[in-house]
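Quick check, what structure comes out for this input:
(3 chains)
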Amino acid sequence: MSGMKVSEPYARIYAVVKRIPAGRVATYGQVAALAGLAGAARQVGYALNATPRGIRIPWQRVVNAQGTVSRRADPDDEIRQRRLLEAEGVRFDPRGRIPLDRYRWKPRGTPRAEDDLF
DNA sequence: GCAATGACGCTCT
DNA sequence: CAGAGCGCCATTG
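This next block holds a predicted model:
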């Protein structure tokens, strides 16, 4: 076993990301809130970047609030993330954006904005 | 323990 | 609608 112990906040973040179904995406802020760390969106990205080797989580399903793949030090990772998502059926528009209205993950129990219209 | 870092978000221009 | 600026907060050196 690795001697690296994951901090509680990170463990909760990983737990939330693991729940995101294939073909859906969640924003950093959304994951933070669901992990009980509202306002700590940056830490989500930081945590994913520091994901220990060995544990596999669908990190590609986390995007920014604009529905785009966040800029990364290594541009190759941006391409890799986009391809993984497209392989799951997530469509990008011509400007490289994912329509969050359509692909955002809505956890069971979360009130939908559309329902307020009825 | 303080200062810098970072796969972010919201607001104002 | 795109870009710039400031705020946030856990982890690291």
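
Can you name the residues that contact the nearest residue to residue A:61 once chain neighbours are set aside?
Closest residue in space to residue A:61, ignoring its immediate chain neighbours: residue A:20 at 4.4 Å, by Cβ to Cβ, 6 or more residues apart in numbering. Bear in mind the C-beta positions are built from the backbone N, C-alpha and C, glycine included. Listed by Cβ atoms under 8 Å, 6 or more residues apart in numbering, the contact set of residue A:20 reads A:26, A:58, A:61-62, A:105.

Show me which residues of chain A sit near DNA strand C.
Residues of chain A lying near DNA strand C by Cβ under 7 Å from any atom of the strand: A:7-10, A:37, A:39-43, A:46-47, A:50, A:95.

from these, which two are the most distant?
A:8 and A:95 (37.9 Å; Cβ to Cβ).

Okay, and whichever residue of chain A sits closest to DNA strand B sits in which element?
Closest residue of chain A to DNA strand B, Cβ to the nearest atom of the strand: residue A:45 (2.4 Å). Element membership for residue A:45 (DSSP states H and E) is helix A:41-49.

tell me what that helix is packed against?
With contacts defined as 3 or more Cβ pairs under 8 Å, 6 or more residues apart in numbering; DSSP states H and E, helix A:41-49 has these neighbours: helix A:8-19, helix A:28-34, strand A:62-63.

Now do the spatially most central residue of chain A, the pLDDT please.
By Cα atoms, centre = their mean, chain A has its centre lying nearest to residue A:62, at 1.6 Å. According to the prediction, residue A:62 has pLDDT 96.

my guess is it meets residue A:32, correct?
No - assessed by Cβ atoms under 8 Å, residue A:62 is found out of contact with residue A:32, at 10.2 Å.

Quick check: neighbours shared by those two?
Going by Cβ under 8 Å, 6+ apart, residues that sit against residue A:62 and also against residue A:32 are residue A:44.
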